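# Below: sequence and its predicted model.
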Amino acid sequence: MFERFKQKHDRTPKGATDRVPPGQYVTEKFPVLQYGSVPSYQALEQTWDLRVWGEIESPQTFSFAEFRALPAITIKTDIHCVTRWSKLDTTWTGVQFKEFLKHIPALKPSAKFLLAHCEQGYTANVPLEVMEDDEAMLAYKFEAQELEPEHGFPLRLFVPHKYFWKSAKWLRGLEFLPEDKLGFWERYGYNNHADPWQEERYSDE
């Protein structure tokens, strides 16, 4: 059944097959998948902030204006969802994670993992070494437009070299940890490493 579905929906450009991980099909759409409802924000300048804490010298909180004042970059890259769709040549704008580290108190040597805290209690875990990738960022624009609410407005984690559930939407906090702590979907059976090229979809694979 999946093969028939894949053949029907596959829009892989010629010469792009080496960019599509095993078991994936290419789509031009941007499917919406989430746990819980889509948050609604009012008066972001007064009601939204981003907290940073854990294995750093001191905690810090950014207001909406303070975060948006940080240096931003725009990248073009491919994204891959555990539900088997891939979308090629997507454009994202936000604060590169390596740049973000320059604007918070110094990390302690014990900081090895990042736990993203999002609206409605959702979490996603990523090793810090993964966040050192040049394309890892805190993203707030897609295709030069503000993220749509269902895609994470006003901020999402962006980790394109992992399955897309690691790119957690509606980000509100970043906790630096000395040891790994499973995120929401990892606790429910998803693979902790989430490498699309290894098809690390579920914990028993």
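Yep, that arrived.

# Could you use CA atoms for every contact and neighbour count after this?
Fine.

# List the contacts of residue 24.
6, 80, 84, 85, 86 (C-alpha atoms under 8 Å, 6 or more residues apart in numbering).

# Could you identify the most distant pair in the residues you listed?
Using C-alpha to C-alpha, the two most remote members of those are 6 and 80, lying 14.5 Å apart.

# and the two? which has more neighbours close in?
Counted by other C-alpha atoms under 10 Å, residue 6 and residue 80 do not tie: residue 80 has more neighbours, with 24 against 16.

# and the next element down the chain from the least confident helix or strand in the chain by mean pLDDT?
When the helices and strands of the chain are scored by mean pLDDT, DSSP states H and E, helix 2-9 comes last with a mean of 39. Following helix 2-9 in sequence order, the next helix or strand is strand 25-26 (DSSP states H and E).

# packing partners for the next helix or strand after that next one?
Note on strand 25-26: by DSSP H and E, the next helix or strand toward the C-terminus is helix 44-47. Packed against helix 44-47 by the contact rule (3 or more C-alpha pairs under 8 Å, 6 or more residues apart in numbering; DSSP states H and E) you find helix 64-68.

# Next, the buried residues of the helix it packs on.
Neighbour-count burial for helix 64-68, counted by 16 or more other C-alpha atoms under 10 Å, picks out 64, 67.

# Residues touching that helix, excluding its own?
44, 45, 48, 49, 50.

# buried stuff in the following helix or strand past it?
Using DSSP H and E, the helix or strand that follows helix 64-68 in sequence is strand 73-80. Neighbour-count burial for strand 73-80, counted by 16+ other C-alpha under 10 Å, picks out 74, 75, 79, 80.
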